[in-house]
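>>> what follows is a predicted structure for the sequence shown.
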Amino acid sequence: MEQKKLTFREHLGELRRALIVSGVALIICFAVGVVFSDYIDVALRLPIKGLLPPGSDEPVYLGIFEPIFYRLKLGLIGGIFAASPIVFWQIWWFISPGLYQKERRMALPFIFIASLFFLGGAAFCYFIVLPKAAAFSIGQVADNTKIILSLRSYLSNASMFILAFGLVFETPVIVFLISWIGLVSPKTLGRYRKYVLLGAFIIAAVITPTPDAINQSIMALPIYILYELGMLAARIVEHRRKKKRKKEEQTDNPQRKKQ
């Protein structure tokens, strides 16, 4: 099967459709998230449970309208995670016209793997990074100083870290995708290992809430490992493509000799 060729205007139409479907899915999931915002609130506070000193573990609102905005933000966080499979589906749907028929069959594996890595990165931050970072930060509190748990501040920080880790864990999917569609070869990606490692630590220094090397390493090393996983998957695909081309050439040559 040949690739489906689209004009520039048709590409814009496809992109508009993908954005609309993703936006509608996000809005619906956002509304559902607002309904279940109390459960999201309880889940979001679990990583810091027992870490705060007595008297500081009672959350407060610092403004009259904060309860409303806090609930809306909780709904948005839940909506992003709930809508992520649909967003990945639309990403695949947008790039699929440039693929062969056999390659389009990878839609379900792509959606599943991309969603799995996104949720896996969020879970990694939720269960490992966030509690360690919070414990480290609380340990820096000076004597005769009290922490006030502002829900707005904690939600902003925690959600940013969780979403950031979810996106960072998409590294192998992105690496595999750009290699698979032919933008970059696995050999070229391998040349940038040292730059990726350096960039991983720079990203970790920006994203992680604490300046210590341990928490930064917890963030940076998974990024590099995920990059290597993406390259490994890309090499496997490239090896299979070369093997397939070799078989096709071998089958074509005897037919040409007979002619």
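Sure, I can see it.

>>> when you work out contacts or count neighbours from here on, use the C-alpha atoms and nothing else.
OK.

>>> tell me how far residue 172 lies from residue 9.
31 Å (C-alpha to C-alpha, to the nearest Å).

>>> and the gap between residue 170 and residue 116?
As it turns out, when the distance is counted by C-alpha to C-alpha, residue 170 lies 9 Å from residue 116.

>>> of these two, who's got more company?
residue 170 (23 against 17; other C-alpha atoms under 10 Å).

>>> helices or strands next to the longest helix seen in the chain in the packing?
Under DSSP state H, the helix in the chain containing the largest number of residues is helix 213-258. With contacts taken as 3 or more C-alpha pairs under 8 Å, 6 or more residues apart in numbering; DSSP states H and E, helix 213-258 sits against helix 171-180, helix 186-191, helix 193-207.

>>> could you say which of these is packed most deeply?
helix 171-180 (a mean of 20; mean count of other C-alpha atoms under 10 Å).

>>> what does that helix rub up against?
Defining contact as C-alpha atoms under 8 Å, 6 or more residues apart in numbering, one finds that helix 171-180 is touched by 113-114, 184-186, 223, 226-231, 233-234, 237-238.

>>> what's the angle between that helix and helix 213-258?
For helix 171-180 against helix 213-258, the angle between stretch directions is 30 degrees (axes from the mean of the first three to the mean of the last three C-alpha atoms, to 10 degrees).

>>> for helix 171-180, list the C-alpha coordinates in PDB.
The C-alpha atoms that make up helix 171-180 are tabulated as PDB, following Å, rounded to 0.1, in the frame of the first residue of the first chain:
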ATOM      1  CA  THR A 171      11.400  10.300  25.800                       C
ATOM      2  CA  PRO A 172      11.600   6.700  24.400                       C
ATOM      3  CA  VAL A 173       8.400   7.100  22.400                       C
ATOM      4  CA  ILE A 174       9.600  10.400  20.900                       C
ATOM      5  CA  VAL A 175      13.000   9.000  20.100                       C
ATOM      6  CA  PHE A 176      11.500   5.900  18.500                       C
ATOM      7  CA  LEU A 177       8.900   8.000  16.600                       C
ATOM      8  CA  ILE A 178      11.400  10.400  15.000                       C
ATOM      9  CA  SER A 179      13.600   7.600  14.000                       C
ATOM     10  CA  TRP A 180      10.800   5.400  12.700                       C
END
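
>>> so what's the residue nearest the centre of the chain closest to, chain neighbours aside?
The residue at the geometric middle of the chain, judged as the C-alpha nearest the mean C-alpha position with C-alpha atoms, centre = their mean, is residue 167 (2.4 Å). Leaving aside its chain neighbours, residue 167 sits nearest to residue 118 (6.1 Å; criterion: C-alpha to C-alpha, 6 or more residues apart in numbering).
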